[in-house]
Each structure stands twice: as structure tokens, then as C-alpha cells.
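[1] From the sequence below, what's the structure:
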Amino acid sequence: MGRRTVMNKLSFRSQFILALTATLLLSIICTAIVWAGSLYLLSDDSFLRPANYYEKKINDIVPFVDQHGDELLSPEFRDELEQIIPLEGLDYQVYDLSGQFIYGSQPAEPLEDIIRKLNTSGEENGRFVRYVPVMNSTHELTGVFVLKYYLNLVSSNQPKRAVVVLFIIGNMSAPFLFILLFTMVFARKIGKRLEPPIARLINGAGRIQKNDLDFAFSEAGGSKELAQLTSAFEEMRGALQASLTAQWQMDQERRDMAAAVAHDLRTPLTIIQGHVDNLLDAKDKQPERLDKYLQTIRKNTDRAVRLLDDMHLVSEIDQPGFTLQVSTHDFAAFCREKAEEYRLNCAAKHIAFRPHINIADGHNGRINADIHRLEQITDNLTANSIRFTPEGGQIIWDIKIGPEKAVLETADSGPGFTKADLVHMFEKFYQGDRSRSTTKGHAGLGLYIVKTLAEKHGGTVAAGNRPQGGAYVNVTLPLTPKPVFTDRGEGKISDCPPQPFQRTDLKAPQP
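    I've put the predicted structure just below:
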């Protein structure tokens with residue numbers, strides 16, 4: 001297992017070099033073993049005769065020739081001579097001193113300069129030739145005895161010619177056969193290592209082609225390049241999944257927005273249409289009745305406008321190019337002015353509004369922010385609290401401005417958040433349990449707007465239930481916003497010169 005892990009971390013080039021080196025080394029070792037075995041077999045004459053087998057036989061024939069001398073020149077001596085000559089591999093000829101052929105295993109051939117060739121060896125048509133002098137009893141030269149033989153393994157083993165041929169071919173081809181064998185072995189090993197990850201990559205590519213991205217490329221192994229390729233595929237798959245998920249989410253949000261607009265505008269428009277029809281059909285247009293109808297029409301028109309404003313704001317802040325217009329503002333003065341505005345709106349609902357503005361010692365209460373977006377944050381938080389706080393309840397507005405951050409906490413004495421609210425409250429179009437709200441006609445975008453704008457400023461949002469009852473939403477903002485990446489894109493900041501705060505009246509929810 002450890003060796004496989006090491007091989008998987010090597011590059012394909014390194015694996016190829018290792019496999020090639022191992023193939024050559026093993027082929028050399030195995031070839032050396034085969035050749036050593038062949039040499040051992042050749043040293044044992046019982047298996048194959050050596051190539052110089054007949055040359056060695058000459059050492060037995062020459063003494064015989066010397067012993068019998070000119071008896072060899074008699075044709076009657078032929079039978080006795082051939083008993084010691086292995087005719088299957090040796091040819092002989094007997095000539096007298098004049099060069100006349102007497103007898104032999106081969107036909108007569110012209111023999112020139114016979115005296116000069118005595119006691120020498122030569123080569124003739126690929127065969128070795130030995131010239132042996134024939135002497136009489138008085139040691140006078142009387143003739144020449146010629147021996148002809150091949151000096152090779154095949155000729156030395158005529159009865160086993162096929163075996164010899166296979167033996168030679170086998171030894172000559174042994175290196176190539178071993179190279180082929182080990183090449184196939186190592187190629188198979190590399191193939192078994194590379195095939196599974198490649199198959200997984202092909203399968204994954206097919207799933208991606210079908211928009212099936214709900215999987216992950218496991219660690220490929222096989223080679224360093226395949227691991228890198230798998231990692232690149234996984235990054236591509238993750239990016240595609242994120243992109244497609246975002247696209248599907250945007251499509252779903254468009255459908256949700258269209259459904260929300262259709263649903264939430266239907267009620268006020270239906271009421272307006274009904275009152276207008278009644279006014280048109282009424283024969284006696286009493287002033288009191290007319291004023292009541294117009295007030296209802298106005299309230300429902302405002303309700304529809306608020307819904308459309310929220311839709312437009314969400315569409316604006318969700319744009320990738322959304323930019324904060326940051327400038328320096330007196331945040332304490334902003335909070336005091338908004339507190340007065342919210343006090344009036346709460347009083348109309350018989351709700352007590354209790355603001356607490358605390359500034360750290362030595363701090364001037366100024367922050368760098370997009371004050372218009374901060375107003376949208378506070379307006380939505382307060383409107384949300386008013387919506388869920390019953391008459392006679394209270395809303396606590398706690399503002400703390402420190403040396404590094406500002407904290408805005410809005411708490412109420414309403415019914416608080418349910419478990420489902422705590423999970424989904426910051427999602428777009430989430431409206432929770434409508435029966436808990438004292439007012440109708442909101443699209444579930446208020447807390448989503450708060451969270452998005454806070455994050456664009458580099459801040460955070462937290463929410464929960466108070467121990468004494470009711471809910472709270474806490475917004476923490478840096479005194480100087482920093483662009484951050486969120487699931488809705490990066491909050492871009494554009495610096496602007498200091499500007500005075502211009503108050504925008506909060507439209508409280510209508511009953």
C-alpha cells in the first residue's frame with residue numbers, strides 16, 4: 001500500500017523512467033542467467049557437443065596417421081581408417097606425394113603446392129582444412145592426409161540440429177524476449193494504476209455534461225499529473241455548481257418575486273378597485289362616505305407603493321455593480337433625529353419607543369458610511385418591530401458608538417421569533433407566520449435588506465429572543481466600512497465628501 005502511494009505521487013515521466021530502468025535491469029539479469037545456464041550446458045558434452053568437437057578429434061586422428069604412415073596410401077586401409085574418423089562431421093582425402101588422389105570421403109580436388117601446405121591449417125569454402133604429412137618407416141614423406149571440418153555448433157551436432165538451432169535462436173533472442181516480457185508487465189501495472197482515475201474523470205465529465213454536479217471528484221492517484229488534473233476538474237465542477245446554483249437561485253428568486261408581487265399587490269388593488277366601483281355606482285355620493293373611501297384607497301395605495309419600493313431596493317442592492325456612497329456623518333445626530341421620527345410612528349400605534357444613544361468617551365459620534373443605506377437599515381428594523389408589537393407594547397432602540405464600531409439593536413415586546421424564523425428570517429421573501437403580525441402587506445424583504453446592506457458595509461447582523469420576551473435584531477457596523485465578499489457579491493465603496501443628513505420620513509405599516 002505504501003509503495004502504491006509513493007508511485008501515485010510520482011509524475012508519469014518518473015514512472016515511465018523507473019519502469020524502463022527496471023525493464024532493462026531485469027532483462028540484463030535474466031539474460032545473464034540464461035546465458036550462464038547455456039554455457040554450463042555447453043560445458044557438458046552429454047547435452048551438446050562444443051563447436052570445436054571435431055577439431056578435438058583431429059588430435060586423436062593425427063597420432064593414428066603417424067603410427068601407420070604409408071599404410072594410409074593403400075586403398076585397402078580405408079576401412080580401418082574410417083573407423084576412427086567421425087564421418088558425419090569430418091571429411092578426409094588421401095593424396096600421394098605427386099598429388100594424385102587415392103581415396104577419401106570427398107571427390108578429388110586439385111592439390112597445388114602440396115609440400116608447402118604440410119603441417120598447416122587453412123580455410124576453404126567456410127571449412128577448416130588440416131594438412132597432415134604421411135611418412136614411411138624411414139621418416140620419408142610419401143603422401144598427404146587432408147582433413148576438412150566446420151568449426152560451429154550446428155555442424156558439431158548434426159543429429160541434434162533442430163535443438164541446436166533453437167538453442168542458438170533462444171540465446172540470441174533472450175534479451176529481446178525479456179525486454180518485451182517486462183515491458184508488458186510494467187505497462188500492465190501502470191495501466192492498472194492509471195485506468196481507474198481516468199475512468200472516473202471520464203465518468204465525471206459525462207455527469208457534468210448532463211448538468212449533474214451533485215458529486216465530488218475523489219482523489220485520483222495514478223500519477224502526479226492525474227492528481228493535478230482531478231483537482232482542476234474538481235475546482236471546475238465546484239465553480240460550475242456554484243454558478244449554476246446561483247443561476248437557479250436567481251431564477252427561483254425571480255419567480256418568487258413575481259409571485260410575491262402578484263400575491264401582495266392583489267389585496268390592496270382589489271380593495272382599491274372595490275371602493276372605486278362603489279363610488280362610481282353610488283347615486284348619492286355622501287361627503288363622509290367619500291372621505292372614508294378615499295382614505296382607504298390612499299392607505300392601500302401606500303401599501304402597494306411600499307411593496308414596490310422594497311422590490312426595487314432588493315433589485316438594486318443585489319446588482320454586482322452596487323456601490324456604497326460613503327461619506328463622513330454625525331451618526332449620533334442621525335440617530336437622535338430618527339428616534340424622534342420613530343417615536344411619532346410608534347405613538348400612532350400606541351407603542352412606547354425608548355431610544356438609548358451611548359457614545360464612547362472621547363468619541364465625536366461620527367462614522368464613515370452610506371447614510372442613505374443606514375437609514376434604510378434603521379427604517380426596516382423599526383418597521384419590522386412595529387409590525388409585530390401589539391398596542392401597549394414597547395420598542396427599545398439601543399445605539400452604541402465605540403472607537404471601532406457602532407452597534408444598533410432594536411428590541412420589542414412582541415411575540416418573538418419562532419424556531420423557523422431564526423433559521424429563515426434573513427432569507428428573501430420569508431414572511432414567517434402572518435397570524436403573528438399586527439399588520440399585513442409586507443413582502444418578507446425587510447430583514448433581508450438589513451442583512452445585505454450591513455454586509456455591504458462590512459458589518460454583521462444577529463437576531464434572537466429576549467429572556468423577558470420579545471425579539472431583538474443586532475446590527476454591528478465598522479466605523480469605516482470595508483468591502484467584503486458575500487453570497488450576493490462584493491460591497492463596493494465610493495468615497496464622497498461629507499454630507500449633511502437629510503431625513504426621509506419612515507412610512508409606518510398601516511393597519
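
[2] which one in the protein is furthest away from the centre?
    Distance to the chain centre peaks in the chain at residue 138, reaching 100.0 Å (criterion: CA atoms, centre = their mean).

[3] Helix, strand or coil: sort out that one for me.
    coil (DSSP: H, G, I helix; E, B strand; the rest coil).

[4] now the one 4 residues further on
    Secondary structure assignment for residue 142 (three-state DSSP): strand.

[5] Tell me how many other residues crowd it.
    Using other CB atoms under 10 Å, residue 142 has 17 other residues around it. From N, CA and C alone the C-beta is placed, and that goes for glycine too.

[6] who touches the residue nearest to it when sequence neighbours are not counted in this structure?
    The shortest distance from residue 142 to any non-neighbouring residue, by CB to CB, 6 or more residues apart in numbering, is to residue 70 (4.3 Å). Applying CB atoms under 8 Å, 6 or more residues apart in numbering, one finds that residue 70 lies in contact with 134-137, 142-143.

[7] tell me the SS of residue 70?
    Residue 70 ends up helix, using three-state DSSP.

[8] Please report how far it lies from residue 104.
    16 Å (CB to CB, to the nearest Å).

[9] per-residue pLDDT, the residue nearest to residue 142?
    The per-residue pLDDT reported for residue 70 equals 87.

[10] just residue 181 next, same as before
    Here, the pLDDT recorded for residue 181 equals 93.

[11] likewise the one 4 residues further on?
    Taken from the predicted model, the pLDDT recorded for residue 185 is 91.

[12] Equivalent analysis for residue 441, please.
    Value for residue 441, per-residue pLDDT: 50.

[13] on that earlier part again, dump the contacts of residue 70 to JSON lines, plus distance to residue 463 and pLDDT.
    Below are these laid out as JSON lines (distance: CB to CB, whole Å; pLDDT from 0 to 100):
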{"residue": "134", "distance to residue 463": "129", "pLDDT": "89"}
{"residue": "135", "distance to residue 463": "131", "pLDDT": "89"}
{"residue": "136", "distance to residue 463": "136", "pLDDT": "88"}
{"residue": "137", "distance to residue 463": "137", "pLDDT": "84"}
{"residue": "142", "distance to residue 463": "134", "pLDDT": "88"}
{"residue": "143", "distance to residue 463": "131", "pLDDT": "88"}
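
[14] Export those residues as CSV, with columns for distance to residue 481.
    Output for those, formatted as CSV (distance: CB to CB, whole Å):
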residue, distance to residue 481
134, 125
135, 126
136, 132
137, 133
142, 129
143, 126
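
[15] Select only the buried ones of the residues you listed in PyMOL?
    Selection of the buried residues among the contacts of residue 70 in PyMOL, burial being defined by 16 or more other CB atoms under 10 Å:
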select buried, resi 134+142+143
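
[16] Mind picking the two most distant members of the contacts of residue 70?
    Comparing all pairs in the contacts of residue 70 by CB to CB, the longest separation belongs to 137 and 143, at 13.8 Å.

[17] list the buried ones in stretch 60-70?
    Quick answer for stretch 60-70 (16+ other CB under 10 Å): 61-62, 65, 69-70.

[18] In this structure residue 385 contacts residue 413, no?
    No - look at residue 385 against residue 413 with CB atoms under 8 Å: they stay out of range, at 9.2 Å.

[19] of these two, who's got more company?
    Taking neighbours as other CB under 10 Å, residue 385 and residue 413 compare with residue 385 leading, 27 against 21.

[20] Could I get the pLDDT score of that one?
    So residue 385 comes in at 91 (pLDDT).

[21] Give the rounded mean pLDDT of stretch 27-42.
    Stretch 27-42 shows a mean pLDDT of 87.

[22] Any buried residues in that stretch, and which?
    27, 30-31, 34, 38.

[23] Which member of those residues is positioned nearest residue 330?
    Distance to residue 330, by CB to CB, is smallest for residue 27 among those, at 87.7 Å.

[24] what pairs with the helix or strand hosting residue 406, and is each one parallel or antiparallel?
    Assigned by DSSP states H and E, residue 406 belongs to strand 405-412. With DSSP bridges as the test, strand 405-412 is paired with strand 394-401 (antiparallel), strand 471-478 (antiparallel).

[25] could the ones you listed go into TSV alongside mean pLDDT, distance to residue 351 and mean neighbour count?
    Output for the strands paired with strand 405-412, formatted as TSV (pLDDT from 0 to 100; distance: least, CB to CB, whole Å; neighbours: other CB atoms under 10 Å):
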stretch	mean pLDDT	distance to residue 351	mean neighbour count
strand 394-401	93	6	20
strand 471-478	94	14	21
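
[26] Format the ones you listed as a markdown table; extra columns: distance to residue 56.
    Listed next are the strands paired with strand 405-412 as a markdown table, based on distance: least, CB to CB, whole Å:
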| stretch | distance to residue 56 |
| --- | --- |
| strand 394-401 | 116 |
| strand 471-478 | 106 |
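
[27] Looking at those, which is nearest to residue 42?
    Nearest of those (CB to CB): strand 471-478, 92.7 Å.

[28] Dump the closest one to PDB, restricted to CA.
    Output in PDB follows, covering the C-alpha atoms of strand 471-478 (Å, rounded to 0.1, in the frame of the first residue of the first chain):
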ATOM      1  CA  ALA A 471     -37.300  39.700  19.900                       C
ATOM      2  CA  TYR A 472     -34.200  41.700  19.100                       C
ATOM      3  CA  VAL A 473     -32.100  42.300  16.000                       C
ATOM      4  CA  ASN A 474     -28.500  43.500  16.500                       C
ATOM      5  CA  VAL A 475     -26.500  45.200  13.700                       C
ATOM      6  CA  THR A 476     -22.800  45.800  14.100                       C
ATOM      7  CA  LEU A 477     -21.000  48.200  11.700                       C
ATOM      8  CA  PRO A 478     -17.400  49.200  11.400                       C
END
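
[29] so how many other residues sit close to residue 376?
    Residue 376: 21 neighbours (other CB under 10 Å).

[30] Name the secondary structure element that contains it.
    For residue 376, the host element (DSSP H and E) is helix 371-388.

[31] Would you pull up how far stretch 69-84 lies from the middle of the chain?
    Counting by CA atoms, centre = their mean, to the nearest Å, stretch 69-84 is centred 90 Å from the centre of its parent chain.

[32] Stretch 389-406 too?
    Put simply, stretch 389-406 sits 50 Å off its chain's centre (CA atoms, centre = their mean).

[33] Next, give phi and psi for residue 215.
    Main-chain dihedrals, residue 215, degrees, to the nearest 10: phi -160, psi 180.

[34] any idea how far residue 216 is from the closest residue in space to it that isn't next to it in sequence?
    Once flanking residues are discounted, residue 215 sits nearest to residue 207: 6.3 Å by CB to CB, 6+ apart. Separation of residue 207 from residue 216 (CB to CB): 11 Å.

[35] how much does the helix holding residue 376 deviate in direction from strand 471-478?
    Orientation of helix 371-388 against strand 471-478 (axes from the mean of the first three to the mean of the last three CA atoms, to 10 degrees) gives an angle of 170 degrees.

[36] Output helix 371-388 as PDB, nothing but the C-alphas.
    Extracted in PDB, the C-alpha atoms of helix 371-388 (Å, rounded to 0.1, in the frame of the first residue of the first chain):
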ATOM      1  CA  ILE A 371     -26.100  57.300   5.400                       C
ATOM      2  CA  HIS A 372     -29.000  56.700   3.000                       C
ATOM      3  CA  ARG A 373     -28.400  52.900   3.300                       C
ATOM      4  CA  LEU A 374     -28.100  53.200   7.100                       C
ATOM      5  CA  GLU A 375     -31.500  54.900   7.100                       C
ATOM      6  CA  GLN A 376     -32.900  52.000   5.100                       C
ATOM      7  CA  ILE A 377     -31.500  49.600   7.700                       C
ATOM      8  CA  THR A 378     -33.000  51.500  10.700                       C
ATOM      9  CA  ASP A 379     -36.300  52.100   8.900                       C
ATOM     10  CA  ASN A 380     -36.700  48.400   8.100                       C
ATOM     11  CA  LEU A 381     -35.700  47.300  11.600                       C
ATOM     12  CA  THR A 382     -38.200  49.700  13.200                       C
ATOM     13  CA  ALA A 383     -41.000  49.000  10.800                       C
ATOM     14  CA  ASN A 384     -40.500  45.200  11.500                       C
ATOM     15  CA  SER A 385     -40.700  45.800  15.200                       C
ATOM     16  CA  ILE A 386     -43.800  48.000  14.900                       C
ATOM     17  CA  ARG A 387     -45.400  45.300  12.700                       C
ATOM     18  CA  PHE A 388     -45.100  42.600  15.400                       C
END
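
[37] Great, nothing more from me.
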